[in-house]
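Engineer: Could you work out the structure for the sequence below:
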Amino acid sequence: MSVPIKTVRCLLLDASSNDAESRVSTLKNAGLALRPTTVRNDEELKAALDSESWDLFLARDNQADMNPFQAVKLVRRTKAELPVILISDHYSEDLRTKALQAGMQDALASDQNELLPLIVRRELEKITAIRGLEKSSRAQHEAEKRCQLLLDSSKDAIAYIHEGMHIYANDTYMELFGFESPDDLLCLPMVDVVAAEDQPVLKSQLKEHLSTGETQSFPIKGLKSDRSAFEAEMVLSPANYDEEECTQVLIRDNTDAEALKQKLKEISEYDLLTGLHNRHAFMQTLSGEKAEGTSAHVLYIDIDGFRELTEKYGITHCDALMRDVANWLRDRADDKDYLAHIGDSAYAILSPGHDAKSIVSATESMIADFSEEYFQIDKQSIRITLSVGICSLNLEDSNADASFANAHAACLSLKAEGGNSCKLYNPAIDSLLDQGEKDILEAYQAAVQSEGLALYYQPLMPMKGQQVQIYQAAARVRDEDGHWSLPANLLDALSKAGMAIEFDRQVIDLALTALKKEKQAGKSTQLLINLTSDSLVDDDLWDYIESKIAEYGISSNRLGFVLRETDAAGYLKRASQFFDTVREKGILTCLSHFTGSVESTSLLEHLDLDFVFTDGSLTEAMIKDPADQATLAKVIQQAGGDGKSVVVTWVSTAGALAQVWPMGSHFIQGFYIRAPAPDLEFDFQ
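Structural biologist: From the prediction side, this is the model:
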């Protein structure tokens, strides 16, 4: 047995200091760290009891001024739990009985040196348990007080019921149901606060909860004291209130929740800087108008020379300028126009009900008036101009994205000519796409409309025994023959057409759908998703990701994003900001196609990364010429610092695996492990 008290503070009542010292030595030799203090009369004992806390009292009946039976009475008046052990030169069972009756813990003969440590240990363990119980009781009492305060002040409507009757309800609960006093609810049946048509549901859920002990959550219609009904969600969970087992009832009023949800939806559709609609909302409206066959035009509006303005006046002053331009456009737009801020210096208008001639004329007039306007920037008055690309929302176009991209193309063509004008899109002149890219986009759009966009998953095989299940997700498009692949120029064509951001969002949705299914199956799968460079300049990207994670109910650490080395280098500041943002939320960050060049190595200093994927060409070169093995090993060493995990890609043969194995990479990926497949059933064991 062990005694948790490190130093035993012991009182000694003994006329013989030699015997007392010998007894202390016996206990110390038994492994007890004693700090003894001797008392000889009741005054010294009382002073000792008042001065500090004690763990043990050894009282011998050889003291003339005070015997142990007098001492125990004094001890019990002040230190009820202090163990007192009688040590007697005239020990008998009758004496032990009297000692126990007097409130001592035990008695033994003065020469029983082997028995003494056993009794002392027993009593020390007992007093330790008593003190621990008292401490736990105090903590429980304080916790109950805090819980009661939290219940009383909670903004959630909470009640406790026993055998179907209310035994407690907080103020929020009473206010929700319209009761003024707790007495109005006391012993009121739970069914009386539920609409008649939902009472069978409540009884069924209560019965199931009581039989299983599991938390139940279900929609129900609440009934207030004035008999008015409201939609709510009820949560039943097991509880203990006032030392009685009962059921906790939590009521959430869905009326306010729906209003809040609608308010959040409205907020998500607006640009915080200008107060106009944002790009995502504009594209949704554009798609809706397209689907309804509305006759309308898309105007892509861009401020001329904005980069020079930013360099001259700084971003803060240019933000104020963009707000002023937004206000000017808002005042100028028709009531039917849908106006949005879609980029740093870019705005868009969806204008219905005009023919091409009238919309061009109206736009020319707007541009002329704008060029005469003075705008304040950094306490200076300046004039600026606009370039406006216009495209008809042609019913023959395959989707709304094409009309938006065409208006953008017309604007870019116009800016190349000097700007300060408008231009109606001419397919023969302004298209950014060649015929091959148009064919690829048309095939892609047809596939998407028939659920022909999917994700294929390629596992990352752990090399160091990590217990993880990680896949890289890659988009695949179904062609006319039913084969799944990613057309070589698709991503470039999507970027030129202004559709890459929407493509990335579709991929994110598909990945989160897959993760939700994995979560429901009890799996801890993680997915790494490729992002295009277009998404890096999308100011709404993180808001979209965050809202989708919440919508699907996925833990953020199940998700990761992958950027190509060239994309990260081309948009380094944006990439760094994005990775910093997502990593704070626990999302994994990855860099792919890492070549180990001077430029790519410098990226590692600017980007906070979890994974670095080596470029597949390095593995391919090693397979063809084993002499290149050292090159790959060096790249792995470069990439693997500061806690980064290195993934060697394109491991396509057993020989390649044997070569890579001793290089120190954390994961491998390639066709030898498994080719990309539509399922998440790889055996990581």
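Engineer: from here on, contacts and neighbour counts on C-alpha atoms
Structural biologist: Will do.
Engineer: Check which residues of the longest helix anywhere in the chain are buried.
Structural biologist: Among the segments of the chain that qualify as a helix by DSSP state H, the longest is helix 115-153. Judged by neighbour count using 16 or more other Cα atoms under 10 Å, the buried positions of helix 115-153 are 116, 117, 119, 120, 121, 123, 124, 125, 127, 128, 151, 152.
Engineer: Once you drop chain neighbours, what's closest to residue 384?
Structural biologist: Leaving out its chain neighbours, the residue that sits closest to residue 384 by Cα to Cα, 6 or more residues apart in numbering is residue 371, at 5.9 Å.
Engineer: Can you give me every residue that contacts that neighbour?
Structural biologist: Going by Cα atoms under 8 Å, 6 or more residues apart in numbering, residue 371 touches 383, 384, 385, 386, 420.
Engineer: repeat that for 7 Å
Structural biologist: Residues near residue 371 by Cα atoms under 7 Å, 6 or more residues apart in numbering: 383, 384, 385.
Engineer: tell me, how many neighbours does residue 548 end up with?
Structural biologist: Residues lying near residue 548 (other Cα atoms under 10 Å) number 17.
Engineer: can you tell me the helix or strand for it?
Structural biologist: Here residue 548, judged by DSSP states H and E, is contained in helix 541-552.
Engineer: buried ones in that helix?
Structural biologist: If you call a residue buried by 16+ other Cα under 10 Å, then helix 541-552 has these buried ones: 541, 545, 548, 549.
Engineer: Which elements pack onto the host helix or strand of residue 567?
Structural biologist: Per DSSP H and E: residue 567 is located in helix 565-570. Packing partners of helix 565-570 (3 or more Cα pairs under 7 Å, 6 or more residues apart in numbering; DSSP states H and E): strand 588-594.
Engineer: quick one: the helix or strand following the strand it packs on to strand 588-594, angle?
Structural biologist: The first helix or strand that comes after strand 588-594 along the chain, using DSSP H and E, is helix 598-606. Angle between the axes of helix 598-606 and strand 588-594 is 170 degrees (criterion: axes from the mean of the first three to the mean of the last three Cα atoms, to 10 degrees).
Engineer: Just give me how far helix 598-606 sits from the chain centre.
Structural biologist: Put simply, helix 598-606 sits 29 Å off its chain's centre (Cα atoms, centre = their mean, to the nearest Å).
Engineer: Would you mark the buried spots in that helix?
Structural biologist: Neighbour-count burial for helix 598-606, counted by 16+ other Cα under 10 Å, picks out 600, 601, 603, 604.
Engineer: What is the nearest of those residues to residue 506?
Structural biologist: Checking the buried residues of helix 598-606 against residue 506 with Cα to Cα, the nearest one is residue 603 at 28.0 Å.
Engineer: tell me the pLDDT at that closest one?
Structural biologist: Residue 603 carries a pLDDT score of 89 in this model.
Engineer: What residues does it make contact with?
Structural biologist: By Cα under 7 Å, 6+ apart, residue 603 lies in contact with residue 569.
Engineer: next one: residue 86
Structural biologist: Contacts for residue 86 (Cα under 7 Å, 6+ apart) come out as 58, 59, 60, 68, 106, 107, 108.
Engineer: what does residue 535 give?
Structural biologist: Taking Cα under 7 Å, 6+ apart as the contact definition, residue 535 lies against 501, 541.
Engineer: how about 10 Å then?
Structural biologist: By Cα atoms under 10 Å, 6 or more residues apart in numbering, the contact list for residue 535 reads 495, 500, 501, 502, 503, 504, 505, 541, 542, 574, 575, 578.
Engineer: Just the element for the third one, please.
Structural biologist: Per DSSP H and E: residue 501 is located in helix 500-520.
Engineer: possible to save the buried residues of helix 115-153 as CSV with pLDDT and distance to residue 353?
Structural biologist: Putting those into CSV (pLDDT from 0 to 100; distance: Cα to Cα, whole Å) gives the following:
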residue, pLDDT, distance to residue 353
116, 93, 104
117, 93, 101
119, 93, 100
120, 93, 98
121, 92, 95
123, 92, 95
124, 91, 92
125, 91, 90
127, 89, 89
128, 88, 86
151, 75, 58
152, 75, 59
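Engineer: how much space between the spatially closest residue to residue 224 that is not a sequence neighbour and residue 253?
Structural biologist: In space, and not counting its chain neighbours, residue 224 is closest to residue 177: 4.3 Å by Cα to Cα, 6+ apart. Relative to residue 253, residue 177 is positioned 10 Å away (Cα to Cα, to the nearest Å).
Engineer: show me where the stretch 401-550 of the chain has helices.
Structural biologist: Per DSSP state H, counting those that start in this stretch, the stretch 401-550 of the chain carries helices over the ranges 427-430, 435-449, 490-496, 500-520, 533-536, 541-552.
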